[in-house]
Every structure is written in structure tokens, then in C-alpha cells.
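Engineer: Here is my input, please return the structure:
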Amino acid sequence: MARYAVFVDGGYMRPTLKAFGNPPPSISYEKLAAQFQGQDELLRMYVYDCAPYQSRNPTTEEKTRKARFDTFRNQLENQPRTEVRLGRLARRQREDGNGWEFEQKQVDVLLTVDLVRLSCTNQIQRAVIVGCDSDFVPAIQAAKDAGVIVQLCYCEMTPPNAEIRQKCDDRIVFDGDFLDAIRL
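Structural biologist: Numbering: from 1, shown residues only. Here you go, the predicted model:
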């Protein structure tokens, strides 16, 4: 039996779910991984994200966001065959000097390292990427070179970069029917 892994970019999943409504619909990540199963066995689902920003003296809003994230992360970590990989959030002053920008760091690298490692050690024969970042393209090519079928799951409302779309072997559209199948 072939094995597959699902690689979920949390920074892509949030706006994808928001595209379906506000507040965004609640989904089951277990159902999400099962949507891709077919005849294969799930090795593991990996979810890549980072905790929200918290200042040294966090505001009530920052504490609330962090508590929600921690609850979400703990729920994921308690699901079978699920790994959560956390990067960090960098805060930088905007170029115009007005306010701050936040950027995820290390998240894409964590995903690409796992994809290449699992592919090159023959632990998976199929990889499903729920994300759209073109930074994944070299890792996708490495996985394909190792004989892995790479599938891209994306939403038309949050479309992927053309390069990643072209590089993947198959494409799965995250539409209303797909969402209905993974709702809580």
C-alpha cells in the first residue's frame, strides 16, 4: 500500500477559510487529511504555522489571540498522525514608519525540509500540499525527482502562484463541496 503525507501551510489555510465567510467556517483537520486518502495510507499530516505576536506586556487582545492559537495547536497535536511545526513571527517597522508588519519566518523552510526528507527516504509515494507559496517549488521538484506524486490543493478565491500550480502533478480545488466534506 502506498503512503501519503499532507502538508498544510497555516498561513494559507486561514485566508482560504475566510474566503468562505466571516467568521470563517470551522473544519476538521482529520477530515481534511482523509479527503486525500483514496487507496493510500496516511503517514502523517503536518501543519505549519506560527503563534501570533505577543508584546512584552501583552494587551488583552494579544493574550486572547495567543490563547485561541494555543487551544487550536493543542487540538491538532492530539489528533492521530498529526504533527505541528512552528516557525516564528517577526515584527518589523513598515518602510513608511507607520506601524508594524508581521512576517512568518521558518515556516516555508520547515515544510520544504519535511517534504524533501520524506520523499528522498521513500517514506511517502504521494504528497498533498495545501498552500500556494512559490518558495515550495524547488522542494516539489526534489520530491518529484524522488518519484513522489505531488498534488496541490488550493482555493480559486486564494489562487496559487502560477509556478507552483504548473510544477505539481495534480491539482485539487478547495471549493464549497470540498469545504462541506471537512466541516466540523
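Engineer: from here on, contacts and neighbour counts on C-alpha atoms
Structural biologist: Will do.
Engineer: Report pLDDT for residue 22.
Structural biologist: We have a pLDDT of 89 for residue 22.
Engineer: Likewise for residue 61?
Structural biologist: Looking at residue 61, the pLDDT reads 94.
Engineer: likewise residue 158?
Structural biologist: 88.
Engineer: what about it, how many residues close to it?
Structural biologist: Applying other C-alpha atoms under 10 Å, we find 17 residues neighbouring residue 158.
Engineer: Look up the closest residue to it, ignoring the ones flanking it.
Structural biologist: Nearest in space to residue 158, with sequence neighbours left out and distances taken as C-alpha to C-alpha, 6 or more residues apart in numbering, is residue 16 at 5.9 Å.
Engineer: Report the contact partners of that neighbour.
Structural biologist: Applying C-alpha atoms under 8 Å, 6 or more residues apart in numbering, we find residue 16 in contact with 155, 157-158.
Engineer: Can you report how many residues neighbour the nearest residue to residue 93 once chain neighbours are set aside?
Structural biologist: Counting by C-alpha to C-alpha, 6+ apart, residue 100 is the residue found nearest to residue 93 once chain neighbours are left out, at 4.4 Å. Residues within reach of residue 100, counting by other C-alpha under 10 Å, total 13.
Engineer: okay but residue 100 is in contact with residue 94, surely?
Structural biologist: Yes. Using C-alpha atoms under 8 Å, residue 100 is in contact with residue 94, at 5.3 Å.
Engineer: all strands for this structure, in order.
Structural biologist: For the chain, the strands defined by DSSP state E occupy 3-9, 41-49, 82-86, 88-93, 100-105, 126-130, 149-154, 170-173.
Engineer: For the residue nearest to residue 158, give its distance to residue 108.
Structural biologist: Distance from residue 16 to residue 108, counting by C-alpha to C-alpha, to the nearest Å: 17 Å.
Engineer: Show me what the helix ranked longest in the chain packs onto, helices and strands only.
Structural biologist: The single longest helix within the chain, with elements called by DSSP state H, is helix 60-77. Helix 60-77 sits against strand 82-86, with contacts defined as 3 or more C-alpha pairs under 8 Å, 6 or more residues apart in numbering; DSSP states H and E.
Engineer: Convert the C-alpha atoms of the strand it packs on to CSV, please.
Structural biologist: Only the C-alpha atoms of strand 82-86 are listed here, as CSV (Å, rounded to 0.1, in the frame of the first residue of the first chain):
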residue,chain,number,x,y,z
THR,A,82,-0.6,14.9,13.1
GLU,A,83,2.5,17.0,13.6
VAL,A,84,2.5,20.7,14.2
ARG,A,85,5.6,22.5,13.1
LEU,A,86,6.0,26.1,14.4
